[in-house]
Structures are given as C-alpha cells and as structure tokens.
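A.B. asks: using only what follows, build the 3D model:
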Amino acid sequence: MDAIDHKILMQLQKNAKQNTKEIAAKVGLSVTPTYERIKKLEQRGIVKSYVALLDRKKIGKELIAYCQVTLSKQQKKMADNFKREVLLLPDIMECHQVSGNFDYLLKIAVDDIGEFHEFLNEKLSIIDGISTIHSAFVLNSVKDSTAYKL
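C.D. replies: Numbers count the residues shown, from 1 in each chain. Have a look, this model is predicted:
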C-alpha cells in the first residue's frame, strides 16, 4: 500500500457512500485508477465490508457495558466452546481475547439495565466454563471512533 491507498482508505472510513468520482477528486487521481485501487483493496481483504454506523441512542441501545470474563480453566476445548457461544449472542458487539487478569473483554449493547440483567443471568453466565464476570457501564463516551489511523 502506498500513500494514495492510505488516502483512499481514509476517505472510505469517513464516508463509504462517496462515489468513486468524489474519492478520486479528494485523493488526486482520475476515476478509473481510483476505482481499480478500491477494487484491489477489496480483493486483498483490506476493505472487509461497507456498513452503516447507527446512533445507538436513537435505536434504543442506551446502555453499553464492558464485561471482563475469566474462564475456569485455560483449556482449548473450553475456550472454543466460549467463542462459539459468544458468536450466537447478538447483544455482544465485540469480544476480544486479552492478556492480563481476565481472559476476554466483551462489549455489550442493550436497551437498559433490566435488559442487561436478563442478558447476564440468562445468556452470558450460563455459558459453560465461565468462572467470573466483572461488569463496568459506560457513563459518557469521550471518544467513539471506528476509523483507523493510517
């Protein structure tokens, strides 16, 4: 990837609905080479997909919680089972295996504390192999970005 590819990626991260002509003008290329570069970035898997970013409050997802999950044993079978189960729970926005004092960090988006309580008790805590769950709730978001610095 060169500097032009980086500029194209930054434009796509700002607004993926821009057409190729608009992106070309902003990165200093004509339309055809810009189109070809975008297609190559897609084919190489650098651009994985195009999505709409929703205003979570306007769709009722008022509560964001981060859960630190520790498994009872460090065994592949248990970790694989946990990962499979997490993929089935749409309230979990992100799941990261981490180093440190716990094994996984989950980002959960729900309507309110009641829905979180139900999620925790009826979905997350019943996954076989979980030893502990510690939760923290977002009070205010100082920065909430999806764009990578290139």
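
A.B. asks: from here on, just use CA atoms for contacts and neighbour counts.
C.D. replies: OK.

A.B. asks: how near is M93 to V110?
C.D. replies: Note on M93: its distance to V110, by Cα to Cα, to the nearest Å, is 10 Å.

A.B. asks: and the pLDDT for the residue positioned nearest the centre of the chain?
C.D. replies: What sits nearest the mean C-alpha location of the chain, by Cα atoms, centre = their mean, is E94, with 5.1 Å. For E94, the pLDDT comes out at 98.

A.B. asks: that one pairs with what?
C.D. replies: K107 (DSSP bridges).

A.B. asks: going forward, count from 54.
C.D. replies: Right, with 54 as the first residue, what we last looked at is E147.

A.B. asks: my read is that it contacts Y157, right?
C.D. replies: No: using Cα atoms under 8 Å, E147 is not in contact with Y157, being 10.0 Å away.

A.B. asks: residues contacting the most far-flung residue of the chain relative to its centre?
C.D. replies: In terms of distance from the mean C-alpha position of the chain, S83 ranks first, at 32.8 Å (Cα atoms, centre = their mean). By Cα atoms under 8 Å, 6 or more residues apart in numbering, the residues touching S83 are 74, 77.

A.B. asks: try 10 Å
C.D. replies: Neighbouring residues of S83 by Cα atoms under 10 Å, 6 or more residues apart in numbering: 73-77.

A.B. asks: so for L203, what's the nearest residue that isn't a sequence neighbour?
C.D. replies: Sequence neighbours aside, H59 is the residue nearest to L203 in space, at 6.1 Å (criterion: Cα to Cα, 6 or more residues apart in numbering).

A.B. asks: any idea of the pLDDT on Q127?
C.D. replies: On pLDDT, Q127 comes in at 87.

A.B. asks: how about the nearest residue to R109, chain neighbours excluded?
C.D. replies: Counting by Cα to Cα, 6+ apart, R109 lies nearest to E115, which is 6.8 Å off, once chain neighbours are set aside.

A.B. asks: wait, doesn't that neighbour sit right on D164?
C.D. replies: Yes: contact status for E115 versus D164: in contact at 5.1 Å, counting by Cα atoms under 10 Å.

A.B. asks: now for those two: what residues contact both?
C.D. replies: R109.
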